[in-house]
Every structure is written in structure tokens, then in C-alpha cells.
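> okay, here's the prediction I keep looking at, along with the sequence it came from:
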Amino acid sequence: MKTLIELSSELEKRRRDLGLKQSDMLMKIGMSQQQYQRVEAGHDIRVSTLLRVLEGMGLELLFAPREQVRHLENMLRPGERDYDIVPADSDWQDEIKESSWSSILKEFEDE
């Protein structure tokens, strides 16, 4: 995700997936519908507000090295492990082994 609009779109999708209305956010995270509506509209928000929203929706904030994002996304999509898109001469697996992500990624490989 690179923009506030992308982030707000994902938050709206998650809220809908949970069967929640914007007005439900008051009980879920203590934020009025009007306040939460600003989040989904893509307004700039504080990190503390974002963390509160994520917590209320059962989401985690995850930082990943840019060069490994595509690989992580592929691993996190159930049933869509498409490693064929990586060129045969790619050394991305060696990069992952050497990174701090190796233990996390190993868990997904074992599933």
C-alpha cells in the first residue's frame, strides 16, 4: 500500500467483511461514525488512530522490505502460491534466507 486511499479502501473492505457499519465503530473502537468516516474517506490520520482502528478490526501493521513485498503477498494469499512469476535466475530466496523475515516466511512454507 502506498497511498491513504489504498489504505482506506482496505479498511472499508475489512469492515464490510466483518459485517460492521461505520456506526458500529463507536462500540468497537470508541470512534464516532463521523470520525471513522474520515478514515475511510482517505483523510490523513494519526498513527495512533490507525493503530486503534487496526486493533478494533483484528488487523496488524506489518513492515516489509520493498523488494520482498510481492513474494510476501503471494505467500499470504491462500491457494495462490504463484512462484512461477519469479525468474529462474532470481536470487530472491537467498535474500529471504539472509533477512530477518526468514523465520516468518518459513512458517508459511511449512503450511
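Structure's in. What do you need? Numbers count the residues shown, from 1 in each chain.
> convert the helix or strand hosting residue 39 to CSV, retaining C-alpha atoms only.
Under the criterion of DSSP states H and E, residue 39 resides in helix 33-40. C-alpha atoms of helix 33-40 as CSV (Å, rounded to 0.1, in the frame of the first residue of the first chain):
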residue,chain,number,x,y,z
GLN,A,33,-19.3,7.4,12.7
GLN,A,34,-18.2,10.9,11.6
GLN,A,35,-14.7,10.3,12.9
TYR,A,36,-14.4,6.9,11.3
GLN,A,37,-15.9,8.1,8.0
ARG,A,38,-12.9,10.4,7.7
VAL,A,39,-10.6,7.4,7.9
GLU,A,40,-12.4,5.6,5.1
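> average pLDDT across the following helix or strand past that helix?
Using DSSP H and E, the helix or strand that follows helix 33-40 towards the C-terminus is helix 47-56. With pLDDT averaged residue by residue, helix 47-56 scores 94.
> about what we covered before: which parts of the helix holding residue 39 are buried?
Using 16 or more other Cβ atoms under 10 Å as the test for burial, helix 33-40 gives 35, 36, 39, 40. Glycine gets a C-beta too; all of them are placed from N, C-alpha and C.
> same deal with stretch 45-61?
Under 16+ other Cβ under 10 Å, the buried positions of stretch 45-61 are 45, 49, 52, 53, 56, 57.
> save these as TSV, and put in distance to residue 29 too.
Output for the buried residues of stretch 45-61, formatted as TSV (distance: Cβ to Cβ, whole Å):
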residue	distance to residue 29
45	12
49	9
52	5
53	6
56	4
57	8
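> one step back: list the helices and strands the helix holding residue 39 packs on?
In terms of contacts (3 or more Cβ pairs under 8 Å, 6 or more residues apart in numbering; DSSP states H and E), helix 33-40 is packed against helix 4-17, helix 25-29, helix 47-56.
> nearest to residue 76, out of those helices?
helix 4-17 (13.2 Å; Cβ to Cβ).
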